[in-house]
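Asks: kindly generate the corresponding structure for this input.
(chains A and B)
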Amino acid sequence: MSEPRFEVQVEHRHAPVQAEAKHPNTCPKCGSHYRDDELAAALWVCGQCAHHFPMGARARIEWYADAGSFQEEAADVRSDDPLDFFDLKPYAERLSEAELNTGLGEAILIGQATLDGHPVELAVMDFAFMGGSMGSAVGEKFSRACDSALERGVPLLSVTSSGGARMQEGILSLMQMPKTVCAIEELHDASLPVFTVLTHPTTGGLLASYASLGDVTIAEPGALIAFTGPRVVQQTTKEKLPDDFALAEQNLRFGHVDAIVPRPEQRPYLSRLLRVFA
Amino acid sequence: MTDRDHEASLRQRLSGLSRLPLLRGARLNGEAHRLEKQLERLRKDTSDEAIWRSVELARHPDRPYTLDYVERMIDDWVELHGDRGRADDGALVTGIGKLDGRAVALVGHQKGRDIKERLDRQFGMPYPEGYVKAMRVMELANRFGFPVISLVDTPGAYPGVAAEQHGQGGAIARSQALMARLTVPTVACVIGEGSSGGAVAIAVSDRVLMQENAVYTVITPEGAAAILWRDAGEARKAAAAWKPDAMHCLEMGVIDGVVPEPDEGAQKDHDEAARLLKTALVEALEELEDTPGEELRRRRRAKFRGMGVYA
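Replies: The predicted structure is shown next:
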């Protein structure tokens, strides 16, 4: 139970409320603040309120994979700019900025690894790279992860975090939906299990393609999992949104995920799955 | 260069771009002038104004909708209602009938003509129940060996609270997965606006066609402008940047052919638009019918796997 608080709200007619820029290490739910090493040691989970901070793809792979077992694949695949796209900034510039800021070549990392000795193929997304959006390069890398799993006859472990299609690539980004679906269907045909971990946020074209096609699908607590996010639903339909609208908890209640698994329990959970399917 | 050589070189350029012999419909009908006109459009590199014209025509209130085509193309039409679980979604109609003598299943988005029908059909934006219904009918088609025709015409899947709770994302994903598994010939045609996952959900087909003035986009131009320019009024700019028109989609390898429309657009002459569409669909089916199901499926998956441009 939290302490009783008095809330006073003043409505300004003209001044829009500026979202307070919080330090990334400050918990948005309870305000606790952590040092980098504290957060890393706690798997980026708030010790006070169990809020799950975003977790980078490299950190997650390091944690899931047995020490030294990860071998990255398709590291050289990069996005192209087929439309010479320019919105407020050129797309090419956005791509280089994202690469500089994240140290990643694209919004997904793929490769071979073992988890508690079980060989798996990993395909892990990173929201920090252009909102984890799926363009041609992400679609291609995910498809190659499926190929690699198929070739070696191992399960695919997919971790998603994405706002959806990468608008800057137009119709080609939409086509990554059927592309990744076709790739994952090859694994289903070969009876190779696909495990999916939905993390905050998994929305739009990602949820409407391979993210929804796992044999076992789990979600992180509090993750936003929606085809259309709350802001757009509110704006277009003016409907009143339920409190936990489109969050992992609602998705579990409506039957869209198998379980909500907090980060500290994920590795044993996945290990158990791998033993069952071995 | 003679006119003949000129046309041949245009045809060759086009076939190189689309990996297909020719513009559909135009070849069978021998409508040389129409072909010439379309090739001319391609050669000129469609202007921003022409793209916006397509966007406007694709959403023209008098444009024929799925049921207008069904009425004119399909004999012995039997509409099938309901997803057998929760509802019958009017935004996506499904049914069976005969196309040029062969039994087919047809699924298609349906917008409404008047205000009441528009509301009843949610402006052509299906709930998950609509996609579940489409999957039911596609499975039926697969059982009986009926080819599946999809007519795409939607601003997107419905963005509402109930739609999310009923699993909009999952329904769209599973519909695509089912289409990637079918062993019957499948042909889709974008007949108006094909926007977002709501469109591609029923368009993972062996042959994907677009009418001359249809558009195929990742999101509506207004939605795109609101996200990227933070101003829905920039829709024209978004459309110009995205190039959602048929010629550019053909050039990018996203579709397999363009279906001609009557002069000034399909809204001018529904009967002629339907005749041209039927010709193109029959031609596409004839190309696919002799291929074994497993091979169709293999090629279909390979086609979609090849989409995208990366470095």
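
Asks: got the domain ranges for chain A?
Replies: Domains of chain A are assigned by automatic domain parsing as A:13-53, A:54-277.

Asks: so which of those domains is the most packed in?
Replies: Greatest average neighbour count among the domains of chain A goes to domain A:54-277 (a mean of 21), per mean count of other Cβ atoms under 10 Å in any protein chain shown. (C-beta placed from N, C-alpha, C; glycine too.)

Asks: from the chain's centroid, how far away is that one?
Replies: Centre-to-centre, domain A:54-277 and its host chain are 5 Å apart (Cα atoms, centre = their mean, to the nearest Å).

Asks: nearest to chain B, of the domains of chain A?
Replies: Nearest to chain B, of all the domains of chain A, is domain A:54-277, at 3.2 Å by Cβ to the nearest Cβ.

Asks: the closest residue to A:E106 other than its chain neighbours: what's it in contact with?
Replies: Spatial nearest neighbour of A:E106, chain neighbours left out: A:A137 (4.7 Å); criterion: Cβ to Cβ, 6 or more residues apart in numbering or on different chains. By Cβ atoms under 8 Å, 6 or more residues apart in numbering or on different chains, A:A137 lies in contact with A:77-80, A:105-106, B:308, B:310-311.

Asks: repeat for A:E38
Replies: A:E38 is in contact with A:G47, counting by Cβ under 8 Å, 6+ apart.

Asks: which one of the domains of chain A has the poorest average confidence?
Replies: Here those differ in mean pLDDT, and the lowest is domain A:13-53 at a mean of 85.

Asks: hang on, the earlier thing: ok, the residue nearest to A:E106 to A:I108 distance?
Replies: Distance, A:A137 to A:I108, using Cβ to Cβ, to the nearest Å: 8 Å.

Asks: over to A:M125?
Replies: Separation of A:M125 from A:I108 (Cβ to Cβ): 5 Å.

Asks: now B:C189
Replies: Counting by Cβ to Cβ, the gap from B:C189 to A:I108 is 33 Å.

Asks: for A:D66, give me its contacts.
Replies: For A:D66, the contacting residues are A:113-117, by Cβ under 8 Å, 6+ apart.

Asks: out of these, list just those in strands.
Replies: Among the contacts of A:D66, the residues falling in strands (DSSP state E) are A:113-115.

Asks: mind checking the SS state of A:L198?
Replies: When classified by DSSP: H, G, I helix; E, B strand; the rest coil, A:L198 comes out as strand.

Asks: confirm for me that it is in contact with A:L213.
Replies: No. Contact criterion Cβ atoms under 8 Å: A:L198 and A:L213 do not qualify, at 11.9 Å.

Asks: find residues that contact each of the two.
Replies: Joint contacts of A:L198 and A:L213 (Cβ under 8 Å, 6+ apart) do not exist.

Asks: how about the contacts made by residue 208?
Replies: If you meant another chain, say so; for now it's chain A. Neighbouring residues of A:A208 by Cβ under 8 Å, 6+ apart: A:177, A:227, B:157, B:168-170, B:172-173, B:197, B:201.

Asks: wait, chain B was what I had in mind.
Replies: Counting by Cβ under 8 Å, 6+ apart, B:V208 makes contact with B:187-190, B:254-256.

Asks: one more time with 10 Å
Replies: Taking Cβ atoms under 10 Å, 6 or more residues apart in numbering or on different chains, we find B:V208 in contact with A:175, A:178, B:150, B:152, B:186-190, B:194, B:200, B:216, B:249, B:254-257, B:284, B:303-304.

Asks: who is it paired with across the strands?
Replies: Under the criterion DSSP bridges, B:V208 forms beta bridges with B:A188.

Asks: quick one: the helices in the stretch 51-200 of chain A?
Replies: With DSSP state H, counting those that start in this stretch as the criterion, the stretch 51-200 of chain A has helices at A:57-64, A:91-102, A:136-152, A:171-174, A:176-189.

Asks: export those to JSON lines and tack on distance to A:Y34?
Replies: Converted to JSON lines, these look like this (distance: least, Cβ to Cβ, whole Å):
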{"stretch": "helix A:57-64", "distance to A:Y34": "14"}
{"stretch": "helix A:91-102", "distance to A:Y34": "21"}
{"stretch": "helix A:136-152", "distance to A:Y34": "30"}
{"stretch": "helix A:171-174", "distance to A:Y34": "36"}
{"stretch": "helix A:176-189", "distance to A:Y34": "35"}
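
Asks: out of the ones you listed, nearest to B:H270?
Replies: Closest to B:H270 of those, according to Cβ to Cβ: helix A:171-174, at 27.1 Å.

Asks: what's the closest one packed up against?
Replies: helix A:136-152, strand B:186-195, helix B:196-200, strand B:215-217, helix B:246-251 (3 or more Cβ pairs under 10 Å, 6 or more residues apart in numbering or on different chains; DSSP states H and E).

Asks: count the neighbours of B:W52 for me.
Replies: 18 (other Cβ atoms under 10 Å in any protein chain shown).

Asks: host element of B:R298?
Replies: Secondary structure assignment for B:R298, by DSSP states H and E: helix B:293-305.

Asks: got the contact list for stretch A:94-107?
Replies: With contact meaning Cβ under 10 Å, 6+ apart, stretch A:94-107 is reached by A:56-58, A:72, A:74-81, A:85, A:87-90, A:125-138, A:140-141, A:161-163, A:166, A:168, B:310-311.

Asks: restricted to strands, list these.
Replies: Under the assignment DSSP E, those contribute A:72, A:125, A:161-162 to strands.

Asks: need the residues you listed in JSON lines (columns: distance to chain B).
Replies: Listed next are the ones in strands among the contacts of stretch A:94-107 as JSON lines, based on distance: Cβ to the nearest Cβ, whole Å:
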{"residue": "A:E72", "distance to chain B": "17"}
{"residue": "A:M125", "distance to chain B": "15"}
{"residue": "A:S161", "distance to chain B": "14"}
{"residue": "A:S162", "distance to chain B": "12"}
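
Asks: looking at those, which is nearest B:E79?
Replies: For the ones in strands among the contacts of stretch A:94-107, the residue nearest B:E79 by Cβ to Cβ is A:S162; the value is 37.2 Å.

Asks: bridging residues for the closest one?
Replies: Going by DSSP bridges, A:S162 is paired in beta bridges with A:T202.

Asks: quick check: it touching A:V124?
Replies: No. With contact defined as Cβ atoms under 10 Å, A:S162 does not count as touching A:V124 (11.4 Å).

Asks: and for those two, which residues touch both?
Replies: Contact criterion Cβ under 10 Å, 6+ apart; residues shared by A:S162 and A:V124: A:108, A:199.

Asks: who's in contact with the residue sitting nearest the centre point of chain A?
Replies: Central residue of chain A (Cα atoms, centre = their mean): A:S161, 1.4 Å from the mean position. By Cβ under 10 Å, 6+ apart, the contact set of A:S161 is A:54-57, A:60, A:107-108, A:124-129, A:131-132, A:197-203, A:206, A:211, A:220, A:223.

Asks: show me the contacts for B:V254.
Replies: Contacts for B:V254 were tallied using Cβ under 10 Å, 6+ apart; they are A:170-172, A:174-175, B:18, B:200, B:203, B:208, B:210, B:216, B:244, B:246, B:248, B:304, B:307-308.
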